[in-house]
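Engineer: Compute the structure for the input listed below.
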Amino acid sequence: MIKGELYYDRIPTKSLRNDVRYLGNILGKVIKNQEGEKFFNLVEKMRLLSKANSAKKKQKKQKKYLDDAMMISIADISAAMENTG
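Structural biologist: A predicted model of the protein is given here:
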């Protein structure tokens, strides 16, 4: 492994995503056949809500990092100004 290279940079993610999508489609068909359309719709709604919640958490985490970075910068500037004055 080359320094700075992440392990997942070497994994062919397109193929993996295609496999996961394929298996998800099969699972959806099985749920519909075994439990019916109404149950499938409930599972799909829960899946979409979970996906949206995950994206929202990621956005909040990124915003927190940015906010923290801004606070550090302001603190550093304040300290530098005190030292020069």
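Engineer: Check the gap between the closest residue to residue 43 other than its chain neighbours and residue 39 for me.
Structural biologist: Here the nearest residue to residue 43 in space, its sequence neighbours aside, is residue 31; by C-beta to C-beta, 6 or more residues apart in numbering that works out to 5.9 Å. Quick note: C-beta positions are derived from backbone N, CA and C, even for glycine. To residue 39, residue 31 is 6 Å away according to C-beta to C-beta, to the nearest Å.
Engineer: One more: residue 67?
Structural biologist: Here the distance between residue 67 and residue 39 works out to 42 Å (C-beta to C-beta).
Engineer: Point out where this protein drops to low pLDDT.
Structural biologist: Judged by pLDDT under 70, the chain has its weakly predicted residues at 1-11, 62, 65-66, 68-81, 83-85.
Engineer: how about the strands in this protein?
Structural biologist: Taking DSSP state E, the chain contains no strands at all.
Engineer: the more surrounded of residue 31 and residue 39?
Structural biologist: Neighbour comparison, residue 31 and residue 39: the larger count goes to residue 31, with 17 against 12 (by other C-beta atoms under 10 Å).
Engineer: check contacts around the more buried one.
Structural biologist: Contact partners of residue 31, counting by C-beta atoms under 8 Å, 6 or more residues apart in numbering, are 39, 40, 43.
Engineer: which among the residues you listed gets closest to residue 17?
Structural biologist: Closest approach between these and residue 17, by C-beta to C-beta: residue 43, at 20.3 Å.
Engineer: and that closest one, how many neighbours?
Structural biologist: Other residues lying near residue 43 total 14 when counted by other C-beta under 10 Å.
Engineer: Likewise for the one 10 residues further on?
Structural biologist: The local packing count at residue 53 equals 10, with neighbours defined by other C-beta under 10 Å.
Engineer: send the alpha carbons of stretch 24-41 over as PDB?
Structural biologist: What follows is stretch 24-41, C-alpha atoms only, in PDB (Å, rounded to 0.1, in the frame of the first residue of the first chain):
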ATOM      1  CA  GLY A  24     -31.700  -5.200  -2.900                       C
ATOM      2  CA  ASN A  25     -34.000  -5.600  -5.900                       C
ATOM      3  CA  ILE A  26     -34.200  -9.400  -5.200                       C
ATOM      4  CA  LEU A  27     -35.000  -8.700  -1.500                       C
ATOM      5  CA  GLY A  28     -37.700  -6.300  -2.500                       C
ATOM      6  CA  LYS A  29     -39.300  -8.900  -4.800                       C
ATOM      7  CA  VAL A  30     -39.100 -11.500  -2.100                       C
ATOM      8  CA  ILE A  31     -40.800  -9.200   0.500                       C
ATOM      9  CA  LYS A  32     -43.500  -8.300  -2.000                       C
ATOM     10  CA  ASN A  33     -44.200 -12.000  -2.800                       C
ATOM     11  CA  GLN A  34     -44.000 -13.200   0.800                       C
ATOM     12  CA  GLU A  35     -45.600 -10.300   2.700                       C
ATOM     13  CA  GLY A  36     -47.400  -8.200   0.200                       C
ATOM     14  CA  GLU A  37     -47.200  -4.700  -1.300                       C
ATOM     15  CA  LYS A  38     -48.400  -3.000   1.900                       C
ATOM     16  CA  PHE A  39     -45.500  -4.400   3.900                       C
ATOM     17  CA  PHE A  40     -43.000  -3.800   1.100                       C
ATOM     18  CA  ASN A  41     -44.100  -0.100   1.100                       C
END
